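Trainee: the following block contains a protein sequence and its predicted model.
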Amino acid sequence: MTSPAPHIPVLLAPLLRLVAPVSGRWLDGTLGAGGYARGLLKAGADQVIGLDRDPLALEMAAEWGAAWGDRLILVRDVFSNLDRHGQELQGVVLDIGVSSMQLDRPERGFSFQKDGPLDMRMGAEGPTAAEIVNTAPEATLADILYVYGEERASRRIARAIVKARAEAPIERTLQLAGIVERCLPRPKPGQVHPATRSFQALRIAVNDELGELHRGLMAAERALAPGGALAVVTFHSIEDRIVKRFIQARAGKAGRANRFAPEAAEDAPRFEPVTKKAVGPDEDELATNPRARSARLRVARRTQAPAGEIAGADVGLPELCGKTGG
């Protein structure tokens, strides 16, 4: 059966409540199936710029978006470039990670539930997951699985991948999922599929998702007008940690790593947090959209301070560094 989840934007109701009143010009940096863009337009946005790197998302939006006329502008680009497409915005919304629309299409290669080519690209450019799996050194594969997927058995899985690809190229999703499954214990009832973390890690590597997130947050800072809202929905702890630390740092509340160190001079805060803690789904949303279970929403408002740069290390951006699991 086909899940209705692709058409249900996660945490839309609390997002609209936290950014209210909605007016002016907004940018949806991860358009997908258009749930947030339509929600913003219905809530009162004068115009929404819908940005996505996925050509399929824009093809679909050309159909449903026609009803909104020039209130909806469609742009194909990565969201790290969002400030090139809008300035003095009243709001920026980002829904980080893979969409159900992508997961539900086996030919995209994101899911281990159905067989398909091992692709995983959100756009049409760059190396596929198959290219990484079949050419990366064993240590690099282990590093990707450990850092981006938090997979404890990263070295064991990487070793098995290298052994398998020596016999035949790994080109299909179920082929890779089977290799990973054989490296791990059978999951207990209620546990995630053994290949979940490995597929997540490869997808992040293929699309440079965490680097995009870091650069996208800085682009939003450059694009937002004073008082403009930044709303970010994430789906796993690595993403949420980056967003949390970015908002803390830009609000001047990052703290000091060493409490005995002298306090460094701080710039004027560039954001004011709206959410003290990440907002998750309520029971009603979980009942209608199970995909929302791991979703977390954080919101902040732009101040009048000039935009600037912030290093990846300062927001917890993980780096491939050779420290791998067993």
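Mentor: Happy to help now that I have it. Numbering: from 1, shown residues only.
Trainee: when you work out contacts or count neighbours from here on, use the C-alpha atoms and nothing else.
Mentor: Noted.
Trainee: in the chain, which spans are strands?
Mentor: Remark: strands assigned in the chain by DSSP state E are 25-28, 47-52, 72-76, 89-95, 224-234, 271-273, 296-302.
Trainee: which residues of this protein score low on pLDDT?
Mentor: Residue ranges of the chain with pLDDT under 70: 1-7, 99-103, 254-266, 321-326.
Trainee: what sits closest to the residue nearest the centre of it if chain neighbours are left out?
Mentor: Geometric centre of the chain, nearest residue: residue 96, 2.3 Å, by CA atoms, centre = their mean. Of all residues not flanking residue 96 in the chain, residue 234 sits nearest, at 5.1 Å (CA to CA, 6 or more residues apart in numbering).
Trainee: residue 298 and residue 235, how far apart?
Mentor: 12 Å (CA to CA, to the nearest Å).
Trainee: neighbour-wise, which of these two wins?
Mentor: Between residue 298 and residue 235, counted using other CA atoms under 10 Å, residue 298 has the larger neighbour count: 23 against 18.
Trainee: and that one, what does it touch?
Mentor: 231, 232, 233, 243, 244, 274, 275, 277, 278, 279 (CA atoms under 8 Å, 6 or more residues apart in numbering).
Trainee: in TSV: the residues you listed, plus distance to residue 154 and neighbour count.
Mentor: Output for the contacts of residue 298, formatted as TSV (distance: CA to CA, whole Å; neighbours: other CA atoms under 10 Å):
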residue	distance to residue 154	neighbour count
231	33	24
232	29	24
233	27	25
243	26	26
244	27	22
274	38	16
275	35	13
277	31	12
278	29	16
279	31	16
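Trainee: now for those residues: which two are most distant?
Mentor: 233 and 274 (13.9 Å; CA to CA).
Trainee: how about JSON lines for the contacts of residue 298, with distance to residue 90 added?
Mentor: Converted to JSON lines, these look like this (distance: CA to CA, whole Å):
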{"residue": "231", "distance to residue 90": "11"}
{"residue": "232", "distance to residue 90": "15"}
{"residue": "233", "distance to residue 90": "18"}
{"residue": "243", "distance to residue 90": "19"}
{"residue": "244", "distance to residue 90": "21"}
{"residue": "274", "distance to residue 90": "15"}
{"residue": "275", "distance to residue 90": "18"}
{"residue": "277", "distance to residue 90": "22"}
{"residue": "278", "distance to residue 90": "21"}
{"residue": "279", "distance to residue 90": "21"}
